[in-house]
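Engineer: this one's sequence-less:
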């Protein structure tokens, strides 16, 4: 009697299936409503009772193509991210990432590793002009579409260009492009995270409805109106348009801490006094208008002082006992009621961003217009948003990275406040115009421009630091580097089936799959693909383990998540290697399925957490 072959766990070939994960979460909440992996809506309705809204007329938000946008969201990515060390700076040590590729595919690939790990997202998506979409989503095979557009596959001259909107669905196409990206982005945010979206008048109303749907109306924070230029805008036939907007939503508003930015240096000087609670200055409590009811305050000489006070009567009495309020006589003999205005954590961002710093400088406009950027965002704006939305060690994501103002701003802010924030920039390699001066410098795509800007920002910071002592107290050294990865086809051989019911053709196709990997695969690329699809971050340390004579073994260590794995991609795994690995029950070891005999597989499965390729 032959021995039963051991059950083997397989390494996933695609990104996480968001639909299956949603069903799994639903099963946890309502197990009775899921049968054989399918949702029983009758049982779910019975469970929820009156909470189900089935009125024929009820509030909802929809658009032409929404169903296809949802289907696109549900298609797992079968792509991978390939490291590009030569285009990077300090590849092995940095925590910063630049990913070149179509952002929905990239977001799906990042999901398993980064879900709940991003503190702040900023995006400046393409403003809807009806002809600037470079994201021609195809829910049947989005990766194939991207590979053809970027020239990674033969496509009979089908190069990556802006694709004019010909469907007549002006707003719908834009919403269909944004919906799946925002949906996955929300999953990446931490519970206390938030997202900022730059937008103009064309799509601010649809965007608000879309954000309400994805993030929940209760998580809306603010809409900032930002001054973009002055002296007469030309975007309208009727008015001089001089502004755009930044919309802010929280992942979970109740978990979000108050948002502050540091006081300006000149303003901070007024906090010239200090007590055990910190710096403060004495501010007058009289106001021309206030929300509190008027009440009388008795001065030391018995004078009844009446007015509109900044604080209510009960708060005034408490502060008076604490010494946080005082009544002093001025030079003219009148009395002044004053309270301690504390410096606190800083100031809140104002919804009207009218200062000159919130608009792009002429230098920024001149520089980036050469590369085809008509609306570059100013560093000042991004620094303010990052200051308000993050702590000094948080992760920031921008998946419409463009010229990488976000990365530039984050590096500058880290230098100023001693922070160790890190970034993930994602940008599709859209060609810049042929006439652009950037092409003369070898920059062919917007992704090239973004990478070059980050390199220049790092060089400038290094030059500034030359000859200076680092006097800042840093928990970690300043990170002046970034890793580059590129979206590419998986190292796994895709199953394409056979066109006809032909046994010979089927047998030949199966022969190809004795090796599940594509011809010409590279070990390091394969290690990163396996690690990413196992939930390891791209900043994980990948190293060849020394001491193995018969096989090559790699160790992948994700310090952020406190996990590691070992992997061998050799055709055969020698017994001496298995013995030298000294694997324990909780250790994850990955190798090729064909590298193990059934006996080896059974023994390893008992020793450790074994997965095969």
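Structural biologist: Received it, and whenever you're ready, just let me know what you need. These numbers come from a predicted model, not from an experiment.
Engineer: most centrally placed residue in the chain?
Structural biologist: When the chain is reduced to its mean C-alpha position, the nearest residue by Cα atoms, centre = their mean turns out to be residue 397, at 3.0 Å.
Engineer: is that residue in a bridge, and if so with what?
Structural biologist: Under DSSP bridges, the beta-bridge partners of residue 397 are residue 121, residue 424.
Engineer: my read is that it contacts residue 106, right?
Structural biologist: No - using Cβ atoms under 8 Å as the test, residue 397 is too far from residue 106 to be in contact (10.3 Å). C-beta coordinates here come from the backbone N, C-alpha and C atoms, glycine included.
Engineer: what's the overlap in contacts for the two?
Structural biologist: The contact sets of residue 397 and residue 106 overlap at residue 426 (Cβ atoms under 8 Å, 6 or more residues apart in numbering).
Engineer: let me see the contact set for the residue nearest to the centre of the chain.
Structural biologist: Residue 397 makes contacts with 118, 120, 121, 122, 185, 188, 423, 424, 426, as judged by Cβ under 8 Å, 6+ apart.
Engineer: again, 7 Å this time
Structural biologist: By Cβ atoms under 7 Å, 6 or more residues apart in numbering, the contact set of residue 397 is 118, 121, 188, 424.
Engineer: show the pLDDT at it.
Structural biologist: We have a pLDDT of 98 for residue 397.
Engineer: distance of residue 339 from residue 118?
Structural biologist: Residue 339 is 39 Å from residue 118, where distance means Cβ to Cβ, to the nearest Å.
Engineer: whoops, I mixed them up, residue 96
Structural biologist: Residue 96 is 13 Å from residue 118, where distance means Cβ to Cβ.
Engineer: the two: which is more packed in?
Structural biologist: Taking other Cβ atoms under 10 Å, residue 96 and residue 118 do not tie; residue 96 has more neighbours (26 against 23).
Engineer: got phi/psi on that one?
Structural biologist: Here is the backbone geometry of residue 96 (degrees, to the nearest 10): phi -90, psi 140.
Engineer: just give the nearest non-adjacent residue to residue 272, would you?
Structural biologist: Using Cβ to Cβ, 6 or more residues apart in numbering and skipping residues adjacent in sequence, the residue nearest residue 272 is residue 281, 6.0 Å away.
Engineer: shouldn't the one you found be in contact with residue 267?
Structural biologist: No - the criterion here is Cβ atoms under 7 Å, and residue 281 misses it with residue 267 at 10.5 Å.
Engineer: in terms of neighbours, single out the busier of those two.
Structural biologist: Each of residue 281 and residue 267 has its neighbours counted (other Cβ under 10 Å); residue 281 has more, 14 against 11.
Engineer: quick one on the thing from earlier: and the residue nearest to residue 272, what's its pLDDT?
Structural biologist: On pLDDT, residue 281 comes in at 94.
Engineer: ok, it - contacts?
Structural biologist: Residues near residue 281 by Cβ under 7 Å, 6+ apart: 270, 271, 272, 273, 341.
Engineer: correct me if wrong: the last one contacts residue 280.
Structural biologist: Yes - the pair residue 341 and residue 280 qualifies as a contact (Cβ under 7 Å) at a distance of 5.9 Å.
Engineer: how about the helix or strand harbouring residue 408: buried residues?
Structural biologist: Using DSSP states H and E, residue 408 sits in helix 405-417. Buried positions in helix 405-417, judged by neighbour count with 16 or more other Cβ atoms under 10 Å: 405, 406, 407, 408, 409, 410, 411, 412, 413, 414, 415.
Engineer: can you give me phi and psi for the closest residue to the fourth one other than its chain neighbours?
Structural biologist: Among residues not flanking residue 408 along the chain, residue 457 sits closest, at 4.6 Å (Cβ to Cβ, 6+ apart). Here the main-chain torsion angles of residue 457 (degrees, to the nearest 10) amount to phi -60, psi -40.
Engineer: next one, pLDDT for residue 457 please.
Structural biologist: Looking at residue 457, its pLDDT stands at 95.
Engineer: all numbers from here: first residue = 24
Structural biologist: Renumbered: residue one is now 24, and that last one reads residue 480.
Engineer: around it, how many other residues sit close by?
Structural biologist: The number of residues packed near residue 480 is 22, by other Cβ under 10 Å.
Engineer: got it, and residue 196?
Structural biologist: Burial of residue 196 is recorded as 24 neighbouring residues (other Cβ under 10 Å).
Engineer: and the helices in the stretch 174-323 of the chain?
Structural biologist: Counting by DSSP state H, counting those that start in this stretch, the stretch 174-323 of the chain has helices at residues 193-211, 227-238, 288-291.
Engineer: distance check, residue 339 against residue 331.
Structural biologist: Per Cβ to Cβ, residue 339 is found 13 Å from residue 331.
Engineer: and residue 411, by the same measure?
Structural biologist: Here the criterion is Cβ to Cβ. By it, residue 411 lies 31 Å from residue 331.
Engineer: cool, and residue 576?
Structural biologist: The gap separating residue 576 from residue 331 is 75 Å, by Cβ to Cβ.
Engineer: of those two, which one has the most company?
Structural biologist: residue 576 (22 against 15).
Engineer: let me know whether that one touches residue 568 as I believe.
Structural biologist: Yes - judged on Cβ under 7 Å, residue 576 makes contact with residue 568 at a distance of 4.5 Å.
Engineer: shared neighbours of these two, anything?
Structural biologist: With Cβ under 7 Å, 6+ apart as the test, residue 576 and residue 568 both reach residue 589.
Engineer: can you give the domain ranges for this structure?
Structural biologist: Under the assignment automatic domain parsing, the domains of the chain span 40-93, 102-285+370-511, 305-350, 519-635.
Engineer: so which of those domains is nearest residue 34?
Structural biologist: Ranking those by distance to residue 34, with Cβ to Cβ as the measure, places domain 519-635 first at 5.1 Å.
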